[in-house]
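Undergrad: need a structure here:
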Amino acid sequence: MNPPMCNGVIAFVKPIKLRAMKKHFALILTTLFVQQAFAGGVYNQLVKFNPNWKKYKTQVKEKNEKVFVSDVEYVQEHLSHVIPILQDNTPAGLTSAQKATRTHLIGVLDEYRKAGLFPVNPYVAERIPVFIDEFDTHCAVGYLMRKSGYGKLARKIARADNYAWVKDIKVEGVYEWAFKSGFTLEELKLIQGAYDSYLPNALILPNKYEIPQQPMVVKRYFENKHKGSKTGNADLWCYGEGTNGVLNGKWIQNYNETTPWIVGYYENGKRTGN
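TA: Down below sits the predicted model:
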């Protein structure tokens with residue numbers, strides 16, 4: 001998952017009052033951005049994430065808009081509304097095997113929602129679908145394929161139609177997988193989503209640990225959580241290998257002290273793969 005370019009390293013040692021003011025100001029900016037982007041209630045928020053929600057307006061029970069401090073929360077909100085619709089609207093005529101697979105995969109989708117590890121869009125400054133991102137993070141549909149034994153199909157789609165909506169994917173096998181799994185094409189279109197581009201001020205946001213950071217030559221730890229010498233990696237947050245500000249080697253961003261999130265490899269500043 002690739003994120004906003006920033007030159008140099010921001011020092012963690014700052015006067016307490018200045019740090020507090022900076023965080024407060026960043027929080028205000030974030031809140032204003034989110035409120036402007038998502039004004040109009042939960043239904044409109046969902047439509048901006050996936051236009052297919054226009055067909056399900058009556059099934060969105062919550063009316064008041066929500067403030068999301070990260071895109072992770074936005075994706076989780078989307079899926080938390082998708083899952084009940086899938087549970088309550090089993091297509092007619094499914095075999096017992098299809099029903100069993102469908103039920104299992106809906107459970108898998110809920111686990112995916114809770115884990116909160118979603119693709120990131122470093123490509124354009126607008127929301128677009130990303131089937132599998134640079135760091136091998138699958139979108140919801142791709143994740144369901146992988147967990148049901150169709151990982152090769154997911155990767156084939158990523159190579160050919162990585163930024164396409166389900167309706168525009170031309171790779172053969174999608175309909176066959178959907179049928180075998182007990183899903184309709186309309187359901188897949190609803191499950192999918194579009195991911196935001198990186199925030200330019202991600203490094204100073206109060207929720208920065210929940211936001212993918214721009215890969216850079218740096219070594220940072222989770223603030224206020226370091227338990228010993230910084231020669232170890234127990235509390236490592238971000239680490240990029242390289243010299244003179246140019247990435248050469250591994251880039252890592254951990255979700256928390258025990259959960260790796262983003263791992264990628266670079267050569268002369270360019271992504272080379274895993």
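Undergrad: which stretches of the stretch 151-274 of the chain have low pLDDT?
TA: Scanning the stretch 151-274 of the chain with the threshold set as pLDDT under 70 gives 198, 200, 224-233, 273-274.
Undergrad: again, 90 this time
TA: 195-216, 218, 220, 222-236, 244-245, 247, 250-274 (pLDDT under 90).
Undergrad: in it, which spans are strands?
TA: Ranges of strands in the stretch 151-274 of the chain, per DSSP state E, counting those that start in this stretch, are 218-221, 236-243, 246-254, 260-267, 270-271.
Undergrad: okay, which residue is most central for this protein?
TA: Residue closest to the average C-alpha location in the chain (Cα atoms, centre = their mean): F118, at 2.6 Å.
Undergrad: how about the residue lying closest to that one once chain neighbours are set aside, secondary structure?
TA: Spatially, and ignoring its direct neighbours in sequence, F118 is nearest to V75 (4.8 Å; Cβ to Cβ, 6 or more residues apart in numbering). Glycine gets a C-beta too; all of them are placed from N, C-alpha and C. Secondary structure state of V75, per DSSP: H, G, I helix; E, B strand; the rest coil, is helix.
Undergrad: right, and K63 touches V42 too?
TA: Yes. Assessed by Cβ atoms under 8 Å, K63 is found in contact with V42 at 6.6 Å.
Undergrad: before we move on, back to that, need the contact list for the residue nearest to F118.
TA: V75 makes contacts with 49, 113, 116, 118, 193, 195, as judged by Cβ atoms under 8 Å, 6 or more residues apart in numbering.
Undergrad: one step back: backbone dihedrals for the residue nearest to the centre of the chain, please?
TA: Dihedral angles of F118 (phi, psi; degrees, to the nearest 10) stand at phi -120, psi 160.
Undergrad: which residues are in contact with it?
TA: Taking Cβ under 8 Å, 6+ apart as the test, what F118 contacts is 71-72, 75, 137, 139, 195.
Undergrad: re the thing from before, mind putting the strands of the stretch 151-274 of the chain in JSON lines, mean neighbour count and distance to N201 included?
TA: Formatted as JSON lines, these follow (neighbours: other Cβ atoms under 10 Å; distance: least, Cβ to Cβ, whole Å):
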{"stretch": "strand 218-221", "mean neighbour count": "19", "distance to N201": "16"}
{"stretch": "strand 236-243", "mean neighbour count": "18", "distance to N201": "16"}
{"stretch": "strand 246-254", "mean neighbour count": "19", "distance to N201": "17"}
{"stretch": "strand 260-267", "mean neighbour count": "17", "distance to N201": "19"}
{"stretch": "strand 270-271", "mean neighbour count": "12", "distance to N201": "23"}
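Undergrad: would you turn those into TSV with distance to Q59?
TA: As requested, these are exported to TSV (distance: least, Cβ to Cβ, whole Å):
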stretch	distance to Q59
strand 218-221	43
strand 236-243	39
strand 246-254	36
strand 260-267	32
strand 270-271	40
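Undergrad: which of these sits closest to M145?
TA: Among those, the nearest to M145 by Cβ to Cβ is strand 260-267 (21.4 Å).
Undergrad: what are the pairing partners of that closest one, and which direction each?
TA: Note on strand 260-267: by DSSP bridges, its sheet partners are strand 246-254 (antiparallel), strand 270-271 (antiparallel).
Undergrad: which stretch among these comes nearest W177?
TA: Closest to W177 of the strands paired with strand 260-267, according to Cβ to Cβ: strand 270-271, at 28.7 Å.
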